[in-house]
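>>> Build me a model:
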Amino acid sequence: MAVAGGSAGSDGGADVTTPLVRPSLASDVIATLAVAAFSMAIAVGFGRVFSAWPFVSDMAIVVAAGHGVGLLLRRLRVIAWIAVPLTAIVLVWTVLAMFYPDTFSWALPTSDTWETLRLQLTLVRGEFRTAVAPVDYSGGWDVLAAIGLATSVLLADVFAFRADARAETLVPGGVLFIFVGALGDERLRIATTVVLVGVGVVTTVALRWYHAEPGRGDATTSWRRWPVAIAFGVVIAVAAGVVGPRLPGADAEALYDTSGRGGGVTQVVSPLVDIRSRLTNRSTEELFRIRADVESYWRISALPEFDGTTWGLPERELEPVSDGPTAPPDSLIENRQRVTIGALGGTLIPAAPDPFQASGPGADRPRWERETSTMVSAEGNLETGDTIDIVSAAPQLDAARLAAATSREPGDTIYTSVPTDLPEVVAATARQISGDATTTFQVAMNLQAWFQTQFEYSLDVQPGHGNSAIENFLRDRVGYCEQFAGTYAAMMRTLGIPSRVAVGFTSGVALGDGEFSVLGRNAHAWPEVWFDDIGWVAFEPTPGRGAPNAESYTGISPQQDTSVGVGDLESTELTPPTTLPTGPGGDQPGLEIPDLSEFTDDPTTPGTTGSSTDRTGGPTLAWLGVAALLAAALAAPGVVRFLRRRRRTRSIDQQVADSWHRATCAVSSVGVPMKPSDTPLEVAANTARTFPLVTRPMESLASAVTEAAYRSEGTMGFDTAGSYGASTVNDCRNWAKQIDRAATETLTWPERLRRYFSSWR
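Numbering: from 1, shown residues only. Below is the predicted model of the structure:
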């Protein structure tokens, strides 16, 4: 091992040993491509959470930017404490430029860029607990994925080429892949894992070859190894894909289910939040059958309370639903129904608007909150086969009658209440769309037509109608019924028109003789508007949906999801009644609301409804991301040094050289003078005069380095344990550690920080 003077090493500080052979451009490029391929395998894993594949091109840009800049800075010999932050800055710029180019000025992000990022990450944070994969690649989910991948790319590049790591390089990406897999659905589960394992094996082999001594690999003489490495990776990947799914427990339920969660034992879940999973679940499972005089939307509740984030039920007392023979006024159409419960579950009962009589199941009549027409089973959760008889009465509606009606007396100011922090864009858009309309009906029709014609219906957009969600919905113009209904009602309220959001089901699959089979995919939400002397009237802003018997005033023919035919329902075990009840009717839909917690255990006392949104505060995803990146930047020098020092596969020469490099960097930081021409023994002598505290370990280490450099056997035998059980190479590491620790303890905190970030060996 030849000895040189104190020339600057690649990571700063003095290096008195022969520097490592710089890898050739070919070997550096090949190793970088291998690591980039692994990063792309991680990116492909996002296919389990996104509904389509446009994300691949964006993720490829992130991978190319991160690993490309890393390669360029290495070839320019930029030291790590400058190169790593610079790569991070490039990745941040790349992500922002991809998603928010319109907010840039002179190719740089502005305050609008950061505000847009904050709004979208806040939106994703609110959706995270209830989101169910696959989600749409937009609305903040896209930028969140890019941030996660960018972090993985940065750490992989640092580990592979700044910390001389092999398999450790795969850890950051592997963690991200597992996290994404935990949130994703079952699509591509085996395929993405097979690709990841195969590419990971090839990447590890590539890095071992790249870091091999001497010379860190030779692309011109080692090309024959690549077919073997690739074949090895393919064999392992195929084995993992075949054997893994067949291991015991592979198909077991998740230890912790993250999909579609919302609320908890200390939170009250509103009907809209609880039905949310059904609003985007295209299940063909039959929830209930209903036989009715008149086809209708089957409403389970009407939600009047809007806090800017959630539509919910206010505190109200429950009372028994009447089971008497009271007839509706002549102006109302009576609609008798019998509901037979299938897989609905829960305690809430669906019915055509507006129920006024109900009986069953069991001896106790259902209880309800009259203003919101929310009926609850008094017998607990609904069970398959339960029947409920219901009688509803709806007004006879036509466009002329609605056009002549006013909307001044809804009975409660809650129906016009708008939160103070509702974005101004909501009111401004409502005013623009309403135009010169002079009646409530004209405004309602203008808004309905705008949504029906200018927006796109999509089940891949995640739930939500809070501030950020509404802004994104109005900008992207794509969503599903919850967002159409919630935004429509909020816009009407900004104009002073009473409105609310109804949740329930479309009419379902017609079976004949007034009977309908209501499936999971028939879950729906729609807005209702108040008209004086008429009551609550349903409108339909969601494209592809239209309420039955409402065409006379909405101008929209009845429409719903009809992709499932009656033949698909033959597996159900329900036996619906053949005749309508002669007495009061009842209905039995159930949402999975725990007991009667949204009303209290005693249904005769005031309820305690509230929002399912977590109001306890806490950091946003943006702040968590910033904290994670900051923590990674702070930990990077220490992690790199740890990985380098733990590398046991390096040659004995290199291990001794690393120990001497560490020692000389340490003593130079406390003022020991060194010249390029100094020998190790001269450096030790200078250390004894300037920093005598480490005289003994420095002299011992200098002697070992000199012996390794000048004796004919070199470092042969340095790894053989001596009489005290320690080898010379281990002694060198321990002496260097002692010198480093003693030097560090004499430095001030600013000097320690400067040395921590400037020395990466």
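>>> tell me the contacts of Ile652?
715, 718-719, 729 (CB atoms under 8 Å, 6 or more residues apart in numbering). Any C-beta I mention is one placed from the backbone N, CA and C, and that applies to glycine too.
>>> Which strand or helix spans Trp368?
strand 367-369 (DSSP states H and E).
>>> Describe which strands that strand pairs with in its sheet and in which direction.
Here strand 367-369 is paired, per DSSP bridges, with strand 319-320 (antiparallel), strand 374-376 (antiparallel).
>>> Could you list every helix and strand in contact with the next helix or strand after the first one?
Moving toward the C-terminus from strand 319-320, the next helix or strand (DSSP H and E) is strand 332-341. Under the contact criterion of 3 or more CB pairs under 8 Å, 6 or more residues apart in numbering; DSSP states H and E, the helices and strands touching strand 332-341 comprise strand 286-292, strand 387-395.
>>> right, so of those, which gets closest to Gly520?
Gly520 lies closest, by CB to CB, to one member of the helices and strands packed on strand 332-341: strand 286-292, at 6.1 Å.
>>> in stretch 541-557, what's buried?
Neighbour counts over stretch 541-557 (16 or more other CB atoms under 10 Å) mark 541-543, 545-550, 553-554, 556 as buried.
>>> which one among those gets closest to Val199?
Among those, and counting by CB to CB, the member closest to Val199 is Pro543, at 41.7 Å.
>>> OK, contacts around the closest one?
Pro543 sits next to 451-453, 455-457 when contact means CB under 8 Å, 6+ apart.
>>> One more pass at 6 Å, please.
452, 457 (CB atoms under 6 Å, 6 or more residues apart in numbering).
>>> And it, how close does it get to Pro109?
35 Å (CB to CB, to the nearest Å).
>>> Please state the mean pLDDT value computed over stretch 427-443.
In this model, stretch 427-443 has a mean pLDDT of 91.
>>> and that stretch, how far from the chain's centre?
36 Å (CA atoms, centre = their mean, to the nearest Å).
>>> change the start of the numbering to 15 and stick with it
Done: numbering now begins at 15, and the last item shifts to stretch 441-457.
>>> Centroid-wise, who is the farthest residue in this structure?
Residue farthest from the centre of the chain, counting by CA atoms, centre = their mean, is Ser726 at 60.9 Å.
>>> So it: helix, strand or coil?
Judged by DSSP: H, G, I helix; E, B strand; the rest coil, the three-state class of Ser726 is coil.
>>> Could you pull up phi and psi at it?
phi -60, psi -30 (degrees, to the nearest 10).
>>> gap between it and Val719?
Distance from Ser726 to Val719, by CB to CB: 16 Å.
>>> Output the below-cut-off pLDDT ranges for the stretch 65-214 of the chain.
Within the stretch 65-214 of the chain, the segments meeting pLDDT under 70 span 65, 140-147, 198-201.
>>> in it, which spans are strands?
Counting by DSSP state E, counting those that start in this stretch, the stretch 65-214 of the chain has no strands to list.
>>> Can you give me the distance of the residue nearest to Val106 when sequence neighbours are not counted to Glu554?
Once flanking residues are discounted, Val106 sits nearest to Ala164: 7.4 Å by CB to CB, 6 or more residues apart in numbering. As defined by CB to CB, Ala164 lies at a distance of 42 Å from Glu554.
>>> Likewise for Leu168?
48 Å.
>>> Same check on Phe320?
19 Å.
>>> again, but for Ser53
Ser53 is 46 Å from Glu554, by CB to CB.
>>> rewinding a little: for the record, mean pLDDT for the strand holding Trp382?
Here the average pLDDT along strand 381-383 is 80.
>>> which residues are contacting that strand?
Under CB under 6 Å, 6+ apart, the answer for strand 381-383 is 330, 332, 334-335, 388-390, 392, 617.
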